[in-house]
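# this is a predicted model, with the sequence first.
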Amino acid sequence: MKRSGPTQQGEALRQPIGTAEIRVLVITAADLLSREHPMQRATEARRMVLARKLTEGTYPQHEALLTAMPVIEREITAPEYALLLRRVADQLDVRADQALHGIALDVVRILMDADRDRAAAKGARR
């Protein structure tokens, strides 16, 4: 039987998202890569496909996740890349009153810009 409405995951992705949710997506990506054969290669193309798959390509989640996931510029195995992703997840584990640096700051900027754009669009519809 085919579903006629949006999926629960799709609906969740349309809601405002925060750094904690991006952190969960990074950890999920690391978990998926950790299950692969130890010699399986992580490539930039696979990084992009994984980010699209986890976010269904939805803005700003997709852009924030791609920003959080380090670009793959050299040959690396999937488990090695999973370890890098876990390090990024640690950087995204921030409190509301904590000063942000590096990847966490970049992700927060994307999410804040999206929130501002969403609020502006909502105001324009009134």
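Thanks, I have the structure now. Residues are numbered from 1 along each chain as shown.

# for residue 20, give its distance to residue 84.
Separation of residue 20 from residue 84 (C-beta to C-beta, to the nearest Å): 20 Å. Quick note: C-beta positions are derived from backbone N, CA and C, even for glycine.

# more crowded one of those two?
Neighbour count, other C-beta atoms under 10 Å: between residue 20 and residue 84, residue 84 has more, with 17 against 10.

# surely the more buried one meets residue 70?
Yes. If you go by C-beta atoms under 8 Å, residue 84 and residue 70 touch, sitting 5.5 Å apart.

# following the least confident helix or strand in the chain by mean pLDDT, which helix or strand shows up next?
Least confident element among the helices and strands of the chain, by mean pLDDT, DSSP states H and E: helix 8-13 (a mean of 45). For helix 8-13, the succeeding helix or strand toward the C-terminus, using DSSP states H and E, is helix 19-34.

# packing partners for the next helix or strand after that next one?
Sequence-wise, the next helix or strand downstream of helix 19-34 (DSSP H and E) is strand 41-42. Helices and strands touching strand 41-42, by 3 or more C-beta pairs under 8 Å, 6 or more residues apart in numbering; DSSP states H and E, are strand 76-77, helix 78-91.

# who wins for proximity to residue 36 among those?
With C-beta to C-beta as the criterion, residue 36 lies closest to helix 78-91 of these, at 4.3 Å.

# what is the rounded mean pLDDT of the longest helix along the chain?
When the chain is parsed with DSSP state H, its longest helix is helix 102-125. Average pLDDT, helix 102-125: 83.

# ok, stretch 72-92 next?
On average, stretch 72-92 scores 94.

# buried residues, that stretch. List them.
Applying a neighbour-count criterion of 16 or more other C-beta atoms under 10 Å, the buried positions in stretch 72-92 are 72, 76-79, 81-82, 84-86, 88-89, 91-92.
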